[in-house]
Structure formats: C-alpha cells, structure tokens
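[1] Predicted model, plus sequence, below.
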Amino acid sequence: MPSDVEQREERRREIVALLKRERVASQGVLANKLAARGHVATQSSISRDLRDLGVAKVAGRYVLPGELGAETVDALAELAHFLVDVRTAGPNLVVVLTTMGAAQTVAIGVDRAGWPELVGSVAGDDTIFLATPNARDQRRVVERLRRLLRSGLA
C-alpha cells in the first residue's frame, strides 16, 4: 500500500494532468474528478495541493502557473494586462488591484520574480497586499509595478 506522501504526490500529478486537459471551475468539481480516478481527498487537501502547486484561479477556472508563464521575471509582462492600479498603504505595504479573479496569478508571478524588496504577499480575488521591509523598498516595488502599468500592456 502506498504511503501518505506517495498518495499525495500521485494525487498532485493527477491534478496537474486534469488541469492541463480540462477547464475546472471549483474544488468540488476537482474532488469529483479525482475520486472518479481513485483519488479520494478532502477539500482542505485539495486546497493545499493547489496552493503548493502554484495553481491560481483566473476567470473562473484553475490555471497552472506555466499556462501564464509565471516562472520568470520576464513573464510579469504577460501578467501586466491583469493590473488595474497600484497604491501604497503606510510605509511597508503596496496594494495592487487586478482584474476580477487575477490576483492570485499576479501574486504568484511577483513571488516567483524574486524581487529582493519583498517580504511576502497575500492575494485575494482582485487585490494583492505586498509587504516590504521599509519605505525605500516599497517605493522600488511601486515603481516596478507602475512601469508595468505604463508599458501599454496593462
């Protein structure tokens, strides 16, 4: 009998395969499809799997990070059209407004860009909070994001 780790890894491979083949709009649908393939999982396990795989929900469906090219810094240009506005909140917080459902995908792109000025990010549906260690780093992040907005892609 496979170990818990082996079962989790097999389930995650199946999630990736499903998302490459089909449009999946909810964790419930994903759970049913996994169960039909012999992978019974709770909603919390599926949620954790999606997070760990870097999957985001965009335009009502789950999207693998590679589908939007979020692996590299250059890929942020591909995500620019999701940006709506960039604002500051206090000396350490940047608030990024995105199109509906795109915040997680944009946050994954920013996280993977590896900007040294960032401490972390939290993404909702259309809003991202980016934390910086100080006001100087906040200004750098804001300028980077505003350049994306001005690039004509946003």
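    Nice, thanks for sending it over.
[2] pLDDT (mean, whole number) over the strand or helix carrying residue 51?
    Taking DSSP states H and E as the definition, one finds residue 51 inside helix 43-53. For helix 43-53, mean pLDDT is 89.
[3] Flag every buried residue along it.
    By neighbour count with 16 or more other CB atoms under 10 Å, helix 43-53 contains the buried residues 45-46, 49-50, 53. In short, each C-beta sits where N, CA and C put it, glycine included.
[4] likewise stretch 123-139?
    Residues of stretch 123-139 classed as buried: 123, 126, 128-132, 137-138 (neighbour count, 16+ other CB under 10 Å).
[5] quick one: the strands in the chain?
    56-58, 61-63, 83-89, 93-98, 120-123, 127-131 (DSSP state E).
[6] Need the winner for burial among these.
    Among these, strand 56-58 has the highest mean neighbour count (mean count of other CB atoms under 10 Å), at a mean of 22.
[7] What mean pLDDT does that one get?
    The average pLDDT for strand 56-58 rounds to 72.
[8] lowest-pLDDT helix or strand in this structure?
    Scoring the helices and strands of the chain by mean pLDDT, DSSP states H and E places strand 56-58 at the bottom, with a mean of 72.
[9] hmm, back to that, just the buried residues of helix 43-53 now: which is nearest residue 76?
    The closest of the buried residues of helix 43-53 to residue 76 turns out to be residue 53 (CB to CB; 19.9 Å).
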